[in-house]
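# okay, structure incoming, though there's no sequence with it:
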DNA sequence: TTTATTTACGCAAACGTTCCCGGTATAAAG
DNA sequence: CTTTATACCGGGAACGTTTGCGTAAATAAA
């Protein structure tokens, strides 16, 4: 069932004009007399004419749409980021096409190819936790295709990047644990391939060192799928709790990691923070309602989305190839709640 | 900065053929000799040719993309629905363009117009809670534009609709409260304009009647923005708790309504379920981790998204105008946890 | 050998726009 | 009265593709 729209030709025919005249009248060209303009404008209004964006795209060789690749939109951080992306994109006349990798490298590659073949003008990417090979993106980038990375960036490519200060976030979180008196602080981290994992573990380690605590390799566990799979978290936590010296606090470095930690503790009736304290990166809106309420490092997701989009569209609309790339680093925010602070627990 | 793609013309020129021959070779037409086909295929592969979807769209008068309008993607129910939509859409070669109304009628209208002007082939809509006037949608629908409603549907339009059995969901939830011994059961509902609100309140009322409890108008409060604004929830709850006979249980009929209820109770140190029990519609993944864990009515969001998309694409690809419309009703699921069941509380 | 048929390809129009390049009036300048 | 300028408008190509039609050469049938 197709839906017939009214075209410039219909207007031209109805008014006894040529398509060029109608086109020019609509674009308010000086070459068209005021009377003709008036006629055309009025008639277009009457029959509710809307220019065909497909035809325009073909002509202008740009689609005015940008692609987004994230692992999951059902993740607070990413849905908030997408909100930020949308707010800017729509303001600037772009629409967004969203694709999810579900943390799978294969699906990420497929999505990139799909989006690229759909003639989008640019791409906003947060890589999957499985991604090590970047050929699918480098390929496009090398041919001048605008790509902006956010949150999960890659060192190997020279593009705009928007991240949060992950080092500081983890440092502050760990420092907070130290100040609360915890001495055996473990880290539950995401995929080793991810930039954010490295940065966050860096902050964790530095905080330990600055506090005179020794960094213990066995206190660091990785979950390849960033907490998406409960079993991975379960295995990691079990490994941590089997250490000769059980950790008395955990710093979790991703949203799902943090909540699945809590789920594990609840299942095993491990009391938080009495048995073990928990702080984690999270952008959930309900960390205050959890049991116990969660201490978190929160990222300015909305702003990250906005900023990334501004950088991307700026690059898309730039006349000359962009050679100077920016890396914007936004500050994280620390929220202290019951899961680390015993004085807060009822 | 534009990104030059390789076209069929480039292939034709390089191989000394006409564009029609190349086109036909690529589509494996019987009119082309095996040798020519082989040459064309190999060369296209080599230079990584991808057909330009914009040009195809112009020719075929369809864009192979569908629009989605929801209030918030940062809402578990909708993000799960979108996952379902995507899974089907991508399988069938469509991409999706998502727009958010943020529960504003004005933004919904703007989004509809924007999407319609972007030559999408169909629309998946869950109306905003402010929406009463449907001209923006009826307009399109009357001209044969495929529209499928999901979750928040409207009676006034004859289209495919996919909903959950809201009546049953609310009925079961209320019945559960009755069985737990609660006798003064209030309802916190969303916008009065919404279909889901009416259906859910219907189930609530019927359950009361079937249990020999009297339905009390003052026990029903509406929040126009469906819990998005905490203040609305606060006012409604305050009104409920000021009734001469304070309610001993609350049935909340939307995601944010339910969680904001909990937030209110926590703030005021009202114990759940001891002072007041709470059950609500919610698709959150962490209702088991809340304090107390939440009894909820859960909707099969993913399946709803899949089903809606199948119906929509089926209508889009139908040769003849579709006149017979289906209304699919999926079953909700009840999860009993601490917020209603005292025996579960630690 | 002539005629009919098949095979394999090219030409050109179409989708909806924009825009370059013309062209024809009318008016002003010489 | 011719030249030049100005105002206004139309023709047609182009964007990348598909597809109906035409046609040359090769093959088969007569």
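Yep, it's here. Here the structure is a predicted model, which is why all the values come from computation and not from measurement.
# tell me the secondary structure for residue A:90?
helix (DSSP: H, G, I helix; E, B strand; the rest coil).
# name the nearest residue to it, sequence neighbours excluded.
residue B:114 (7.4 Å; Cβ to Cβ, 6 or more residues apart in numbering or on different chains). All C-beta spots, glycine's among them, are computed from the backbone N, C-alpha and C.
# any idea how far the one you found lies from DNA strand D?
Per Cβ to the nearest atom of the strand, to the nearest Å, residue B:114 is found 23 Å from DNA strand D.
# what helices or strands is the strand or helix carrying that residue leaning on?
In this structure, residue B:114 sits in helix B:105-117 according to DSSP states H and E. Counting contacts by 3 or more Cβ pairs under 8 Å, 6 or more residues apart in numbering or on different chains; DSSP states H and E, helix B:105-117 packs against strand B:65-70, strand B:95-100, strand B:122-125, helix B:135-142.
# run through the stretch 151-300 of chain A and note the low-pLDDT ranges.
Across the stretch 151-300 of chain A, nothing is flagged by pLDDT under 70.
# which stretches of it form helices?
A:166-179, A:195-210, A:230-241, A:255-267 (DSSP state H, counting those that start in this stretch).
# with respect to DNA strand D, which of those lies nearest?
Closest to DNA strand D of the helices of the stretch 151-300 of chain A, according to Cβ to the nearest atom of the strand: helix A:195-210, at 35.7 Å.
# quick revisit: now the helices of the stretch 151-300 of chain A in a markdown table, with mean neighbour count and distance to DNA strand D?
Conversion of the helices of the stretch 151-300 of chain A to a markdown table gives the following (neighbours: other Cβ atoms under 10 Å in any protein chain shown; distance: least, Cβ to the nearest atom of the strand, whole Å):
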| stretch | mean neighbour count | distance to DNA strand D |
| --- | --- | --- |
| helix A:166-179 | 22 | 42 |
| helix A:195-210 | 20 | 36 |
| helix A:230-241 | 18 | 43 |
| helix A:255-267 | 23 | 41 |
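# mind checking how far the closest residue to chain B within the stretch 151-300 of chain A is from residue A:263?
Nearest to chain B, among the residues of the stretch 151-300 of chain A, is residue A:291, at 2.9 Å (Cβ to the nearest Cβ). With distances taken as Cβ to Cβ, to the nearest Å, residue A:291 is found 11 Å from residue A:263.
# then residue A:53?
Noted for residue A:53: a distance of 46 Å to residue A:263, by Cβ to Cβ.
# same check, this time on residue A:328
Applying Cβ to Cβ, the value for residue A:328 to residue A:263 is 34 Å.
# same question, residue A:78
Residue A:78 sits 20 Å away from residue A:263, going by Cβ to Cβ.
# residues in contact with residue A:171?
When contacts are counted by Cβ atoms under 8 Å, 6 or more residues apart in numbering or on different chains, residue A:171 touches A:203-204, A:206-207.
# domains of chain A?
Following automatic domain parsing, one finds the domains of chain A at A:8-51, A:63-164+A:301-330, A:166-298+A:334-344.
# hmm, the residue of the stretch 151-300 of chain A closest to chain B is touching residue B:288, no?
No: at 9.7 Å, residue A:291 does not count as touching residue B:288 under the criterion of Cβ atoms under 8 Å.
# related to what we said a few turns ago, what about the residue of the stretch 151-300 of chain A closest to chain B, how many residues nearby?
Residue A:291 is flanked by 18 other residues according to other Cβ atoms under 10 Å in any protein chain shown.
# contacting residues for the residue nearest to it when sequence neighbours are not counted?
Excluding its sequence neighbours, the residue lying closest to residue A:291 (Cβ to Cβ, 6+ apart) is residue B:291, at 2.9 Å. The contact partners of residue B:291, by Cβ under 8 Å, 6+ apart, come to A:289-293, B:266.
# now, those residues that are in strands?
Among those, DSSP state E puts none in strands.
# which members of those are the farthest-apart pair?
Spanning the widest gap among the contacts of residue B:291 are A:292 and B:266, at 11.8 Å by Cβ to Cβ.
# quick one, strands of the stretch 201-346 of chain A?
A:220-222, A:249-252, A:277-281, A:295-298, A:327-330, A:333-335 (DSSP state E, counting those that start in this stretch).
# write out the residues of the stretch 201-346 of chain A neighbouring chain B.
A:259, A:262-263, A:266, A:284-286, A:288-293, A:315-316, A:318-322 (Cβ under 8 Å from any Cβ of the partner chain).
# ok, now the stretch 51-200 of chain A?
So far as Cβ under 8 Å from any Cβ goes, the stretch 51-200 of chain A lies against chain B at A:51-55, A:57-58, A:61-63, A:65, A:73-74, A:76, A:79-80, A:82-83, A:86, A:90, A:95-100, A:114, A:116-119, A:121, A:143-146.
# quick one: end-to-end length of stretch A:292-312, please.
One end of stretch A:292-312 to the other measures 40 Å (Cα to Cα, to the nearest Å).
# buried ones in that stretch, by neighbour count?
Within stretch A:292-312, the residues scored as buried using 16 or more other Cβ atoms under 10 Å in any protein chain shown are A:292-312.
# now the domains of chain A as TSV including distance to residue B:183?
Shown next, in TSV, are the domains of chain A (distance: least, Cβ to Cβ, whole Å):
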stretch	distance to residue B:183
domain A:8-51	57
domain A:63-164+A:301-330	38
domain A:166-298+A:334-344	27
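# out of the ones you listed, which is closest to DNA strand C?
DNA strand C sits nearest to domain A:8-51 of all the domains of chain A, at 2.9 Å, using Cβ to the nearest atom of the strand.
# I'd like the mean pLDDT over the closest one, please.
Mean pLDDT, computed over domain A:8-51, is 94.
# that domain near DNA strand D anywhere?
Yes: with Cβ under 7 Å from any atom of the strand as the criterion, DNA strand D is reached by domain A:8-51 at A:16-21, A:30-36.
# now list whatever residues contact both of residue A:291 and residue B:288.
Residues touching both residue A:291 and residue B:288 comprise residue A:266, with contact defined as Cβ under 8 Å, 6+ apart.
# and the residues of domain A:8-51 next to DNA strand D, which of them are in strands?
Those of the residues of domain A:8-51 next to DNA strand D lying in strands (DSSP E): none at all.
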